[in-house]
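Chemist: below are the sequence and a predicted model for it; my questions follow.
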Amino acid sequence: MTTQLQIILIIFSLITFAFVILKIRKAQLEIANAIVWIILSLTLILMTLLSPFVTKIAKMLGFYSTINFVFTMILF
């Protein structure tokens, strides 16, 4: 994963996280729905920061490319 892509992913994840927190404070978003979005944004940040580790796990599990592993993790 290129550095530019990592920066973009982190920025958009932080924007999503901030947006969800803002909506919770204004009582425009239910906590149950917000938890899903918060976990998703934090997971994306961790996967971006730890991309070599994620790549190793994907290769150990037999995924052809890291992105296939990431999509599988998002679906399940």
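Modeler: Cool, got the structure. Numbering: from 1, shown residues only.
Chemist: okay, and residue 62 sits in which element?
Modeler: Following DSSP states H and E, there is no helix or strand that holds residue 62.
Chemist: for it, give me phi and psi.
Modeler: In terms of degrees, to the nearest 10, the main-chain angles of residue 62 are phi 90, psi 20.
Chemist: please apply the same query to residue 12.
Modeler: Backbone geometry at residue 12, expressed as degrees, to the nearest 10, gives phi -70, psi -30.
Chemist: packing partners for the strand or helix carrying residue 13?
Modeler: Per DSSP H and E: residue 13 is located in helix 3-25. Under the contact definition 3 or more C-beta pairs under 8 Å, 6 or more residues apart in numbering; DSSP states H and E, helix 3-25 sits against helix 31-49. For the C-beta atoms, the positions are set from N, CA and C on the backbone; glycine is no exception.
Chemist: what's the local residue count around residue 47?
Modeler: 20 (other C-beta atoms under 10 Å).
Chemist: state the pLDDT value of it.
Modeler: pLDDT, residue 47: 84.
Chemist: pull up the gap between residue 12 and residue 61, please.
Modeler: Per C-beta to C-beta, to the nearest Å, residue 12 is found 26 Å from residue 61.
Chemist: which one's more surrounded, those two?
Modeler: Neighbours per residue, other C-beta under 10 Å: of residue 12 and residue 61, the larger number sits with residue 12, 14 against 10.
Chemist: please report how far the one residue sitting closest to the centre of the chain lies from residue 26.
Modeler: In the chain, the residue lying closest to the centroid (C-alpha atoms, centre = their mean) is residue 44, at 1.6 Å. Residue 44 sits 24 Å away from residue 26, taking C-beta to C-beta as the criterion.
Chemist: circling back: the residue lying closest to the residue nearest to the centre of the chain once chain neighbours are set aside: how many residues sit nearby?
Modeler: Nearest residue to residue 44 in three dimensions, chain neighbours excluded: residue 13, at 4.5 Å (C-beta to C-beta, 6 or more residues apart in numbering). By other C-beta under 10 Å, 19 other residues sit near residue 13.
Chemist: list the contacts of residue 13.
Modeler: Residues near residue 13 by C-beta atoms under 8 Å, 6 or more residues apart in numbering: 41-42, 44-45, 48.
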